[in-house]
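J.: Predicted model and sequence below, questions to follow.
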Amino acid sequence: MTASASRTATRRATLLAAAGTALLTWTAARAQAARPLRIGYQKFNTLNILKGTGSLEKALVPAGVQVEWHEFLGGGQLSEALAAGAIDFGHASDGIGVFQQASGKGLAYLAAESPYPGGVGFLVPKDSPIRSVRDLQGKRVATGRGYNTQYLLIRALEAAGLRYEDVEPVYIVTASDTVAAYQAGSVAAIGLWDPFLAGAQVATDSRLLFDGTGLTGNRTYHFARPAWARANQQTLRTVFAELRKTNAWAQANPGTVVDTLAPQLKVDPKVLALATQRRTYGVVPLSREIAQEQQQLADAFEKIKLIPKPIQVQDAFLELPLLG
């Protein structure tokens with residue numbers, strides 16, 4: 001190689017090295033500049049399906065937003081994390097929505113999911129002498145404090161002419177502990193929500209005593225801290241746009257939802273199939289009717305002194321133009 005050729009090669013190598021360094025610096029700066037969106041979700045809910053598609057991450061790339069997913073065992077733990085600023089956005093049941101507002105966590109409702117009355121219910125052993133809600137009188141019944149199961153139990157007892165005080169509620173935090181108490185025979189009936197309700201129906205020798213049909217809408221709600229939501233409206237609009245697409249896809253392709261989620265959740269496909277077939281997918285804006293629905297729940301919780309004083313659910317509704 002001539003001296004001239006050697007100098008040319010050296011310059012080329014230097015330029016390539018400089019270009020590579022610049023690219024790495026740009027990539028690192030871009031990654032460093034990416035704003036995190038920390039989403040809390042629970043198994044099998046619509047945010048879980050959105051996570052499985054990967055579409056939200058792609059939709060937020062142009063805005064420089066990087067999605068972080070955080071799984072929670074229940075809505076109570078998720079709402080605590082949201083109030084503490086450990087996550088930015090998440091979902092929880094109707095009961096948790098009222099409970100967090102009454103306890104002063106300061107979270108705001110942003111949107112609601114479609115009613116899902118079949119996704120919450122109470123089970124008894126198949127050979128149990130308990131055949132109706134009235135047969136629960138004086139019995140130990142497992143539920144969660146402030147959970148959708150608790151509200152369902154209140155409504156079912158009232159419909160049967162009983163009071164909440166006519167049963168002995170056993171408050172358990174997680175679905176797995178609830179099933180363990182049930183299998184140990186320490187409670188006569190248990191309240192669960194999907195996919196755990198479906199899981200217990202498939203895995204245990206049980207009978208569905210009642211579900212939410214005609215008693216509760218069992219909606220899921222989406223929450224954030226008000227200041228964060230106001231400052232991140234465009235990000236939230238993207239989240240809800242992608243969630244709507246995912247919900248429409250899930251409604252049209254229940255079998256594919258099962259195939260997609262079963263390996264991710266490490267759940268028996270039979271369990272997800274049972275839960276999916278009784279579900280209607282859809283995220284909807286907050287409305288006066290939804291506020292009234294939630295107010296009935298809040299009033300029921302206040303009546304049994306689960307919350308210390310009356311609340312107005314509408315006060316926690318943050319009416320932002322997030323769903324087109």
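T.: Yep, it's here.

J.: CA only for contacts and neighbour counts going forward, please
T.: Noted.

J.: And the helices in the stretch 151-300 of the chain, which stretches?
T.: Assignment of helices within the stretch 151-300 of the chain using DSSP state H, counting those that start in this stretch yields the ranges 175-183, 196-203, 226-231, 233-252, 254-265, 269-277, 288-303.

J.: Put together TSV for those, with distance to Lys139 on each row.
T.: As requested, the helices of the stretch 151-300 of the chain are arranged in TSV below (distance: least, CA to CA, whole Å):
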stretch	distance to Lys139
helix 175-183	13
helix 196-203	20
helix 226-231	42
helix 233-252	38
helix 254-265	34
helix 269-277	28
helix 288-303	20
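
J.: weakest of those helices in terms of mean pLDDT?
T.: When mean pLDDT is averaged over each of the helices of the stretch 151-300 of the chain, helix 254-265 scores lowest at a mean of 87.

J.: got the angle between that one and helix 269-277?
T.: Using axes from the mean of the first three to the mean of the last three CA atoms, to 10 degrees, the interaxial angle of helix 254-265 with respect to helix 269-277 works out to 130 degrees.

J.: Can you list the buried residues in helix 254-265?
T.: Using 16 or more other CA atoms under 10 Å as the burial criterion, the residues of helix 254-265 that qualify are 254, 257-258, 261-262.

J.: Which residues outside that helix are in contact with it?
T.: Contacts of helix 254-265 from elsewhere in the structure, counted by CA atoms under 8 Å, 6 or more residues apart in numbering, are 43-44, 49, 52, 250, 268-269, 272-273, 276-277.

J.: Using ChimeraX, define a selection of the buried residues within those.
T.: Command for ChimeraX, covering only those of the contacts of helix 254-265 found buried under the criterion 16+ other CA under 10 Å:
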select :43,44,49,250,269,272,273,276
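
J.: now the contacts of helix 254-265 as TSV including distance to Leu153?
T.: TSV is the format used below for the contacts of helix 254-265 (distance: CA to CA, whole Å):
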residue	distance to Leu153
Lys43	23
Phe44	23
Ile49	28
Gly52	33
Ala250	29
Asp268	28
Pro269	28
Leu272	24
Ala273	25
Thr276	23
Gln277	23
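
J.: wait, which of the contacts of helix 254-265 is closest to Val283?
T.: Ala250 (12.1 Å; CA to CA).

J.: That closest one - nearest residue in space that isn't next to it in sequence?
T.: Among residues not flanking Ala250 along the chain, Val257 sits closest, at 6.0 Å (CA to CA, 6 or more residues apart in numbering).

J.: for the residue nearest in space to the middle of the chain, phi and psi?
T.: For the chain, the residue sitting closest to the mean C-alpha position, by CA atoms, centre = their mean, is His91 at 4.1 Å. Reported as degrees, to the nearest 10, the phi and psi values for His91 are phi -130, psi 160.

J.: I'd say it and Val283 touch.
T.: No. The pair His91 and Val283 fails to qualify as a contact (CA atoms under 8 Å) at a distance of 11.5 Å.

J.: What distance do you get for Leu261 to Glu158?
T.: Leu261 sits 37 Å away from Glu158, going by CA to CA, to the nearest Å.

J.: Number of residues surrounding Gln42?
T.: Applying other CA atoms under 10 Å, we find 18 other residues in the vicinity of Gln42.

J.: who touches it in this structure?
T.: 48, 71-75, 91.

J.: for it, phi and psi?
T.: Main-chain dihedrals, Gln42, degrees, to the nearest 10: phi -120, psi 160.

J.: Might you calculate how far the helix or strand harbouring Phe122 sits from the centre of the chain?
T.: In this structure, Phe122 is located in strand 120-125 according to DSSP states H and E. For strand 120-125, the separation from the chain centroid amounts to 21 Å (computed by CA atoms, centre = their mean, to the nearest Å).

J.: Paired strands for that strand, with orientation please.
T.: Using DSSP bridges, the neighbouring strands of strand 120-125 in the sheet come out as strand 189-193 (antiparallel), strand 206-211 (antiparallel).

J.: Any chance of those strands in JSON lines with mean pLDDT as columns?
T.: As requested, these are arranged in JSON lines below (pLDDT from 0 to 100):
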{"stretch": "strand 189-193", "mean pLDDT": "96"}
{"stretch": "strand 206-211", "mean pLDDT": "98"}
